[in-house]
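1. what follows is a predicted structure for the sequence shown.
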Amino acid sequence: MNLAEIERLIERRIDGAEATVERARGEHDDDHLRAEVVAEAFEGKTLLEQHDMVYDALGELMTTEIHALELSTRTPE
């Protein structure tokens with residue numbers, strides 16, 4: 001699983017998003033990831049809604065290739 005491809009997928013599916021994806025620290029499995037996503041599209045959304053937007057962007061990867069995702073979302077401000 002290529003981390004840059006995951007970043008591009010998130011950025012393509014969430015308008016104006018900037019994503020940084022890396023392996024989760026302390027995890028030895030390739031399917032445990034950490035992502036930080038900054039997007040104006042998160043403005044006015046609850047944290048749950050923001051996370052749902054990222055999960056929706058990742059789609060099937062969340063059930064096939066990504067086992068765990070530590071997620072941080074925020075607006076550019």
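-> Arrived safely. What you see is a predicted model; the values in this text were computed from it and never measured. Residues are numbered from 1 along each chain as shown.
2. tell me the secondary structure for Glu22?
-> The three-state assignment at Glu22 reads strand, by DSSP: H, G, I helix; E, B strand; the rest coil.
3. quick check: which helices or strands does the helix or strand Glu7 falls within pack against?
-> For Glu7, the host element (DSSP states H and E) is helix 3-13. Secondary-structure packing of helix 3-13 (3 or more Cβ pairs under 8 Å, 6 or more residues apart in numbering; DSSP states H and E): strand 18-23, strand 32-38, helix 47-58. Using the backbone N, CA and C atoms, a C-beta is placed for each residue, glycine as well.
4. now do the one helix or strand in the chain whose mean pLDDT sits lowest: distance to the chain's middle.
-> Lowest on mean pLDDT, DSSP states H and E among the helices and strands of the chain sits helix 61-64, with a mean of 89. In this view, helix 61-64 has its centroid 12 Å away from the chain centroid, taken as Cα atoms, centre = their mean, to the nearest Å.
5. cool, and stretch 55-71?
-> Centroid displacement of stretch 55-71 relative to its chain, using Cα atoms, centre = their mean, is 8 Å.
6. which non-adjacent residue is nearest Met62?
-> Tyr55 (5.7 Å; Cβ to Cβ, 6 or more residues apart in numbering).
7. now swap in Ala17 and tell me
-> Counting by Cβ to Cβ, 6+ apart, Ala17 lies nearest to Ala39, which is 3.9 Å off, once chain neighbours are set aside.
8. that neighbour: how many residues sit nearby?
-> Counted with other Cβ atoms under 10 Å, the neighbours of Ala39 add up to 22.
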